[in-house]
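Asks: The sequence isn't on hand, but the structure is:
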């Protein structure tokens with residue numbers, strides 16, 4: 001397999017599984033974690049490697065190294081020539097993951113997708129029938145859809161993030177440190193903040209739309225992250241996907257290890273007092289965009305760009321927590337009527353929105 005984002009949480013979990021089950025790793029790519037990349041090269045001996053930061057290329061311990069200057073497309077073409085038909089995990093973080101997804105599908109890779117932005121910003125330009133999602137919620141939906149019974153509604157769950165139950169009036173000045181205290185999952189800083197604002201769940205809603213082509217999608221808060229997804233079928237039955245909160249399960253299925261025991265079964269006695277609660281739109285303002293986003297999925301590119309920049313500002317302690325939702329609504333007001341009907345227009349609106357948010361909120 002090929003792993004884009006090998007130094008992150010998804011990438012390292014995938015490599016743990018590769019180590020455990022003796023899977024061949026033909027290529028590795030990361031943004032700038034050269035020390036981690038070198039240790040992975042020493043252990044897994046990939047044929048090709050990529051590091052996004054051009055200045056670090058000379059520090060990579062490998063004969064065949066690509067960097068941003070060489071281009072991610074040329075790297076993926078070389079991967080295709082070297083290992084055609086490999087399973088490719090795209091676990092890059094952010095908008096930069098969109099182009100690799102487009103290229104990977106065009107080249108015929110078996111795409112296991114952990115990059116949310118590919119679907120949020122560019123789902124209309126991807127053949128989603130050829131994508132295996134790496135996400136506990138979307139894996140749960142895929143698992144439940146094996147029977148192919150007619151669907152009435154898709155349901156995913158959210159933990160509520162770090163600020164569930166906290167006095168709403170105190171959220172405006174919530175600290176970065178508090179926002180990063182996720183109750184159940186160990187994730188990167190960006191996605192943890194997105195969990196606290198419920199933007200992450202908004203993104204997962206539109207990902208589910210592109211993956212399963214169903215517009216009747218809802219999310220509920222389930223504080224313990226034990227129920228990941230449910231499907232209501234047209235015959236009146238409902239099924240749920242339940243497991244301990246561990247991303248190795250979704251990754252294992254995405255890389256062909258379905259059926260292997262990679263985590264322990266949940267002790268079902270822990271399901272006592274489980275509840276599913278509606279999402280409070282006063283607390284999680286951005287989630288009120290769900291219906292609008294499902295009706296007009298193209299605005300995902302605007303929401304993603306605005307959120308990406310304003311969250312970076314919050315993590316850098318340059319804006320308050322409340323500015324995150326304000327910036328998203330502001331960007332939609334300004335750019336929501338723009339035509340987004342090509343990959344080029346997605347790239348263009350991404351740049352325009354980022355510049356606007358930087359100048360208005362962060363500069």
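Replies: Arrived safely. Keep in mind that this is a model prediction, so the values were computed, not measured.
Asks: dump the residue contacts of residue 17.
Replies: Neighbouring residues of residue 17 by Cβ atoms under 8 Å, 6 or more residues apart in numbering: 23, 248, 251-252, 255, 257, 262. C-beta here means a position set from N, CA and C on the backbone, and glycine is covered the same way.
Asks: got the contact list for stretch 215-226?
Replies: Contacts for stretch 215-226 (Cβ under 8 Å, 6+ apart): 136, 151-160, 164, 183-185, 201, 204-205, 208-209, 242-245, 266, 270-271, 274-279, 287, 290, 294-295.
Asks: Please state the offset of that stretch from the chain centre?
Replies: Centroid separation for stretch 215-226 versus its chain: 16 Å, with Cα atoms, centre = their mean, to the nearest Å.
Asks: quick one: average pLDDT of it?
Replies: The average pLDDT within stretch 215-226 is 93.
Asks: Then stretch 199-208?
Replies: pLDDT averaged over stretch 199-208 gives 95.
Asks: related to what we said a few turns ago, strands - which of the contacts of stretch 215-226 land there?
Replies: Among the contacts of stretch 215-226, DSSP state E puts 151-158, 242 in strands.
Asks: of the residues you listed, closest to residue 123?
Replies: residue 154 (15.2 Å; Cβ to Cβ).
Asks: Low-confidence bits of the stretch 201-350 of the chain, can you list those?
Replies: Counting by pLDDT under 70, the stretch 201-350 of the chain contains no low-confidence residues.
Asks: coming back round to it: give me the buried subset of the ones in strands among the contacts of stretch 215-226.
Replies: 151, 154-158, 242 (16 or more other Cβ atoms under 10 Å).
Asks: Tell me which two of those residues sit farthest apart.
Replies: Most distant of these, by Cβ to Cβ, are 151 and 158, 20.4 Å apart.
Asks: Go ahead and flag the most central residue of the chain.
Replies: Note on the chain: the residue nearest the mean C-alpha position is residue 116, at 3.2 Å, using Cα atoms, centre = their mean.
Asks: quick one: contacts for residue 155?
Replies: Counting by Cβ under 8 Å, 6+ apart, residue 155 has contacts 217-220, 229-232.
Asks: same thing but at 6 Å, please
Replies: Under the criterion of Cβ atoms under 6 Å, 6 or more residues apart in numbering, the neighbours of residue 155 are 218, 230.
Asks: what's the span of stretch 213-220, first residue to last?
Replies: Distance across stretch 213-220, first residue to last, is 20 Å (Cα to Cα, to the nearest Å).
Asks: Tell me the gap between it and the middle of its chain.
Replies: 17 Å.
Asks: With stretch 40-55 instead?
Replies: With Cα atoms, centre = their mean, you get 23 Å for stretch 40-55.
Asks: contact partners of it?
Replies: With Cβ under 6 Å, 6+ apart as the criterion, stretch 40-55 contacts 6, 25-29, 31-32, 60-62, 64-69, 75, 78-79, 82.
Asks: in the helix or strand hosting residue 15, what's buried?
Replies: Element membership for residue 15, per DSSP states H and E: helix 9-21. For helix 9-21, a neighbour-count test (16+ other Cβ under 10 Å) marks 9-11, 13-15, 17-18 as buried.
Asks: Could I get the average pLDDT for it?
Replies: Mean predicted confidence for helix 9-21 is 95.
Asks: Next SSE downstream of that helix?
Replies: strand 27-30.
Asks: Name the next helix or strand downstream of that next one, please.
Replies: helix 34-44.
Asks: what inclination does that next one have with respect to helix 9-21?
Replies: On the basis of axes from the mean of the first three to the mean of the last three Cα atoms, to 10 degrees, helix 34-44 is oriented at 20 degrees to helix 9-21.
Asks: Given the next helix or strand after helix 34-44, what are its sheet partners and their directions?
Replies: Remark: after helix 34-44, the chain's next helix or strand is strand 48-51, criterion DSSP H and E. Partner strands and pairing direction for strand 48-51 (DSSP bridges) are strand 27-30 (parallel), strand 65-67 (parallel).
Asks: got the buried residues for strand 48-51?
Replies: For strand 48-51, using 16+ other Cβ under 10 Å, the buried residues are 48-51.
Asks: What of stretch 100-120?
Replies: So stretch 100-120, judged by 16+ other Cβ under 10 Å, has buried residues 100-105, 107, 109-120.
Asks: Repeat that for stretch 299-317.
Replies: For stretch 299-317, by 16+ other Cβ under 10 Å, it's 299-315.
Asks: What is the neighbour count of the closest residue to residue 289 other than its chain neighbours?
Replies: Nearest non-adjacent residue to residue 289, counting by Cβ to Cβ, 6 or more residues apart in numbering: residue 202, 6.2 Å away. Neighbourhood size, residue 202 [other Cβ atoms under 10 Å]: 27.
Asks: quick one: residue 202 and residue 165, what's the gap?
Replies: Counting by Cβ to Cβ, to the nearest Å, the gap from residue 202 to residue 165 is 20 Å.
Asks: Residue 318: what secondary structure?
Replies: coil (DSSP: H, G, I helix; E, B strand; the rest coil).
Asks: I'd like to know how many residues surround it.
Replies: 13.
Asks: So which residues of the stretch 201-350 of the chain form helices?
Replies: Taking DSSP state H, counting those that start in this stretch as the test, the helices found in the stretch 201-350 of the chain are 248-254, 290-295, 300-315, 323-335, 343-357.
Asks: residues contacting residue 11?
Replies: 3, 5, 91.
Asks: Take those and keep only those in helices.
Replies: Using DSSP state H, the subset of the contacts of residue 11 located in helices is empty.
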